[in-house]
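Peer 1: Next one to model:
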Amino acid sequence: MSETFGQDQFFRAVASRGIPRIRVAGIVVDDDKLLVQRPADDPSSFYAFIGGEYEIGDTFETRLRKEFEEETNALVVTARYLFCVENHFQYKGQTIQQAEHFFLVSIDRRDVTSREGHLVQHWLPLVELASANLRPFVVRDAVASGTYLSDRHLIQMPDQA
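Peer 2: Below is the predicted model:
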């Protein structure tokens, strides 16, 4: 089973719920670079911020810490809540809506590697961020411009993708 097939199944399942998905994610900036990830088997796929779906029993911060520990060899040292994104997008004809909560994160290492074979992490230079295929674009643009430290609410509509 290819990861693209797995990704397709995932987004179909999310869309079939008919309700918005709640997600938490971290913005990690170090040495003028941003930590992101994407599927290991598809270098043409878009980048995403490290994070995951909010689950019963979690706080936003505990879920964020779990996602970093599950997906990378890094531990979250600090996490400061930044903003919420209403993320609306289409994936292969499926409408997806997410409420994404972003944190400014510092981690315990720079040599980040994946704990999950289907993901690979990258450090993207901030000077190249504006042209990177990093989703959601409104967050990419806020990080590129520096407004991510003062923004409190962003909206990504499907026609902006």
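
Peer 1: In the protein, mark out all the strands, start to finish.
Peer 2: 21-27, 29-30, 33-39, 47-48, 51-53, 76-91, 94-107, 119-125, 134-135, 153-156 (DSSP state E).

Peer 1: packing partners for the first one?
Peer 2: Read that as strand 21-27. In terms of contacts (3 or more C-beta pairs under 8 Å, 6 or more residues apart in numbering; DSSP states H and E), strand 21-27 is packed against strand 51-53, helix 60-71, strand 76-91, strand 94-107. C-beta coordinates here come from the backbone N, C-alpha and C atoms, glycine included.

Peer 1: quick one: low-confidence parts of this structure?
Peer 2: Along the chain, segments meeting pLDDT under 70 span 1-6, 160-161.

Peer 1: tell me what the longest helix seen in it is packed against?
Peer 2: Scanning the chain for the helix with the most residues, using DSSP state H, yields helix 3-17. Where contact means 3+ C-beta pairs under 8 Å, 6+ apart, helix 3-17 is packed against strand 33-39, strand 94-107.

Peer 1: which one of the strands of the chain lies closest to residue 12?
Peer 2: Nearest to residue 12 among the strands of the chain is strand 94-107; the distance by C-beta to C-beta comes to 6.1 Å.

Peer 1: Name the strands paired with the closest one and say parallel or antiparallel.
Peer 2: strand 21-27 (parallel), strand 76-91 (antiparallel) (DSSP bridges).

Peer 1: Check which residues of that strand are buried.
Peer 2: For strand 94-107, the neighbour count (16 or more other C-beta atoms under 10 Å) marks 96, 97, 98, 100, 101, 102, 103, 104, 105, 107 as buried.

Peer 1: Please state the offset of it from the chain centre?
Peer 2: 6 Å (C-alpha atoms, centre = their mean, to the nearest Å).

Peer 1: now the residue most central in space within the chain: how far from residue 66?
Peer 2: The centre of the chain sits closest to residue 49, judged by C-alpha atoms, centre = their mean, with a distance of 2.4 Å. Residue 49 is 15 Å from residue 66, where distance means C-beta to C-beta, to the nearest Å.

Peer 1: Would you mind giving the strands of the chain as JSON lines with distance to residue 62 added?
Peer 2: What follows is the strands of the chain, written out as JSON lines (distance: least, C-beta to C-beta, whole Å):
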{"stretch": "strand 21-27", "distance to residue 62": "9"}
{"stretch": "strand 29-30", "distance to residue 62": "22"}
{"stretch": "strand 33-39", "distance to residue 62": "20"}
{"stretch": "strand 47-48", "distance to residue 62": "20"}
{"stretch": "strand 51-53", "distance to residue 62": "11"}
{"stretch": "strand 76-91", "distance to residue 62": "10"}
{"stretch": "strand 94-107", "distance to residue 62": "12"}
{"stretch": "strand 119-125", "distance to residue 62": "21"}
{"stretch": "strand 134-135", "distance to residue 62": "24"}
{"stretch": "strand 153-156", "distance to residue 62": "23"}
